[in-house]
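Visitor: Dropping a prediction and its sequence here:
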Amino acid sequence: MRRWRVALLSFTMPVLLATALAWAGLKYSDRSLVTRQTPRAADVIIVLGGETAGRTAKALQLYRLGFAPEILVSGRGDGELIARNLVALGVPGACVLREDASGSTLENAAFSVPILAGRRMKTAIVVTSWFHSRRAAAVFRAAAESLVIVSVPTDTVYLHRLLSDREMIKQVLVEYLKIAGYRFRYGIASF
């Protein structure tokens, strides 16, 4: 009987701990994952590929408010869709720059920075999903220390809505793992 209790406890305790950590990660995701700054005039708005609707809308809003004269869409696949949507929504095609090779946040920065340097751009507003903003800003700052990065993510999805969206729960929890992975694999600290 004692072995059974020990086995049960050795299984239950890690599950309870993991559940508590996941709950805390979701509950405090806005405080821990989001880097949000007040928009300011910049040379370019960089929109990272990924979730398209919210990122497109935020970039379009910033562009229409005159925060930057050009938008650089970075990302293979959905980056093409974001660029097409921006043009369809009224952004002149000449104002939409493309970086189509990247498949990760690290590559977004690595492949976008030379484009910005070639155009002598010094300030950039980075638009991405709210839960991705802390890591994205850290990666861009690490890729180009001379580039001023302003993080303006999509609007936060608060806990009551987050809990009803399984896909977003997964994305938020995986983001914590990606932050840790980028810290240990590439030396990029998001915190």
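Guide: That came through fine.
Visitor: Would you confirm that I149 belongs to a strand?
Guide: Yes. The assignment for I149 (DSSP: H, G, I helix; E, B strand; the rest coil) places it in a strand.
Visitor: so how far is S102 from it?
Guide: Applying CB to CB, to the nearest Å, the value for I149 to S102 is 16 Å. C-betas here are computed from N, CA, C, even on glycine.
Visitor: And these two? Which one has more around it.
Guide: Between I149 and S102, counted using other CB atoms under 10 Å, the more crowded position is I149 (23 against 20).
Visitor: quick one, what contacts that one?
Guide: A124, V126, A137, F140, R141 (CB atoms under 8 Å, 6 or more residues apart in numbering).
Visitor: pLDDT at the most centrally placed residue in the chain, what is it?
Guide: In the chain, the residue lying closest to the centroid (CA atoms, centre = their mean) is H132, at 2.8 Å. Looking at H132, its pLDDT is 97.
Visitor: okay, now the closest residue to it other than its chain neighbours: neighbour count?
Guide: Leaving aside its sequence neighbours, H132 sits nearest to E175 (CB to CB, 6 or more residues apart in numbering; 6.3 Å). Using other CB under 10 Å, E175 is surrounded by 21 other residues.
Visitor: V87 versus E175, what's the distance?
Guide: For E175 relative to V87 (CB to CB), the value is 30 Å.
Visitor: coming back round to it: correct me, but the residue nearest to the centre of the chain touches G49?
Guide: No. Contact criterion CB atoms under 8 Å: H132 and G49 do not qualify, at 11.0 Å.
Visitor: still on that earlier bit, who wins for neighbours among the contacts of I149?
Guide: Counting by other CB under 10 Å, top hit in these: V126 with 30 neighbours.
Visitor: Quick check: next helix or strand after whichever helix or strand that residue is part of?
Guide: Per DSSP states H and E, V126 falls inside strand 123-127. Using DSSP H and E, the helix or strand that follows strand 123-127 in sequence is helix 133-143.
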